[in-house]
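Visitor: Quick one: sequence plus predicted model below, questions after.
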Amino acid sequence: MTDTHETISLEPRLVVQDVDAALALYRDAFDAIRLERFSDSSGRVVHAAMKVGKSVFTMAEEVADWGLAAPDRSRGATVLLHLTVPDPDKTADRIVARGGKVVIAIEDRPYGKREGRVLDPFGHAWILSKTIEDLTEEEVRERLAK
C-alpha cells in the first residue's frame with residue numbers, strides 16, 4: 001500500500017503581468033531552467049514552469065476575469081517563497097540588478113542561516129537562505145532568547 005503523503009505535492013503558481021520577463025528574471029537570478037510555456041489563442045501565457053534545484057514552480061499571466069491578480073508592490077507580499085541557494089548575497093544582487101529590492105538585509109542569523117528577503121520586480125517576496133550552522137531546536141531557542 002502506498003503512503004498517501006508520497007503522492008501529494010505542492011507547487012506554487014506565481015501570477016505576474018509579464019510571464020516572459022519573469023522567466024528571464026528567474027533564469028538569470030536563480031539559474032532556473034524553463035520546463036514549459038503555453039499560451040492561449042490570444043497569446044496570453046496561461047502556464048509556464050521552471051525548475052530551480054529540485055523544486056518546480058509555475059507562472060500564469062494576470063487575468064482579472066479569472067480572479068488572477070499579480071501582487072501590488074505598494075502593499076507588500078502576501079506569500080513568502082523560501083529559496084535555499086548556495087550564495088544568498090549573490091542571488092540578492094542578481095534580483096536587485098534586475099529591478100528588485102532588498103527588504104531585509106542578507107545577514108548571518110542566530111538560527112544558523114545566512115538569509116534575508118528580497119522583493120522581485122513582479123511583487124513576489126523571496127527569502128534567500130543558506131544553512132551555515134546545523135543547530136538543534138534548543139540551541140535556536142537559546143540564541144533567539146538572547
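Guide: Structure received.
Visitor: need the strands for the protein, in chain order.
Guide: 13-16, 33-39, 45-52, 55-61, 80-84, 101-108, 113-119, 125-131 (DSSP state E).
Visitor: so for the shortest one, what's the average pLDDT?
Guide: The one in question is strand 13-16. Summarised as a single mean, pLDDT over strand 13-16 is 96.
Visitor: in it, what's buried?
Guide: 14-16 (16 or more other Cβ atoms under 10 Å). Bear in mind the C-beta positions are built from the backbone N, C-alpha and C, glycine included.
Visitor: can you put these in JSON lines and add distance to Tyr111?
Guide: Output for the buried residues of strand 13-16, formatted as JSON lines (distance: Cβ to Cβ, whole Å):
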{"residue": "Leu14", "distance to Tyr111": "27"}
{"residue": "Val15", "distance to Tyr111": "31"}
{"residue": "Val16", "distance to Tyr111": "31"}
